[in-house]
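A predicted structure for the sequence below; I have some questions about it.
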Amino acid sequence: MENMDKKIAAAGLLVFAGGVIGAGLALLFAPQSGTRTRKDIVRFSKKARNRADEVAEDLAANVSSLVDTIGDKTDELLEKGKDVAGGARKDLIRLIEEGTSKLEKFRTVLSRM
């Protein structure tokens, strides 16, 4: 177990050393000055932020439109449901009345027997 800990520590140290060496080489061979690089980073950051704002606005508009569409469809479905329920209620009442009428006729026939 102790041997494994030493291997992990050595690997971590190598990764850290590689990062330091890589950063140093990047600074030595950089094609432009640090000031210019910082300006480029600031400019790129502003562009990225503006683009993110645009995407967020587009997303908000799309979500708002989707919510409105869902609301409209829900209202339509609710109205259709009311119409269907009203029609089913009328049909049920009609069938009950027909059944009652037939039951009365059958009762009359039975009472004559």
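Received the coordinates, thanks.

and stretch 83-98, how far out from the chain middle?
Going by Cα atoms, centre = their mean, to the nearest Å, the spacing between the C-alpha centre of stretch 83-98 and its chain's C-alpha centre is 41 Å.

give me the contacts around it.
Around stretch 83-98, nothing counts as a contact under Cβ atoms under 8 Å, 6 or more residues apart in numbering. (Each C-beta comes from the backbone N, C-alpha and C, glycine too.)

so for that stretch, what gets flagged as buried?
Neighbour-count burial for stretch 83-98, counted by 16 or more other Cβ atoms under 10 Å, picks out no residue.

now K80: which helix or strand?
Assessed by DSSP states H and E, K80 sits inside helix 34-112.

what mean pLDDT would you report for that helix?
Per-residue pLDDT values over helix 34-112 give a mean of 86.

from the chain's centre, how far out does that helix sit?
16 Å.

could you do stretch 18-38 as well?
Distance of stretch 18-38 from the chain centroid (Cα atoms, centre = their mean) equals 41 Å.

end to end on that stretch, go ahead and measure it.
Between the opening and closing residues of stretch 18-38 we find a distance of 24 Å, counting by Cα to Cα, to the nearest Å.

report the buried residues of that stretch.
Within stretch 18-38, judged by 16+ other Cβ under 10 Å, no residue is buried.

hmm, who's touching that stretch?
D40.

one more time with 10 Å
The contact list for stretch 18-38 (Cβ atoms under 10 Å, 6 or more residues apart in numbering) reads K39, D40.

tell me, what residue is most central in this structure?
For the chain, the residue sitting closest to the mean C-alpha position, by Cα atoms, centre = their mean, is V63 at 9.3 Å.

how near is that one to G71?
As defined by Cβ to Cβ, to the nearest Å, V63 lies at a distance of 13 Å from G71.

swap in S45?
Distance of S45 to G71, given as Cβ to Cβ: 38 Å.

what do you get for G99?
As judged by Cβ to Cβ, G99 and G71 stand 41 Å apart.

likewise T37?
The span separating T37 from G71 equals 50 Å under the rule Cβ to Cβ.
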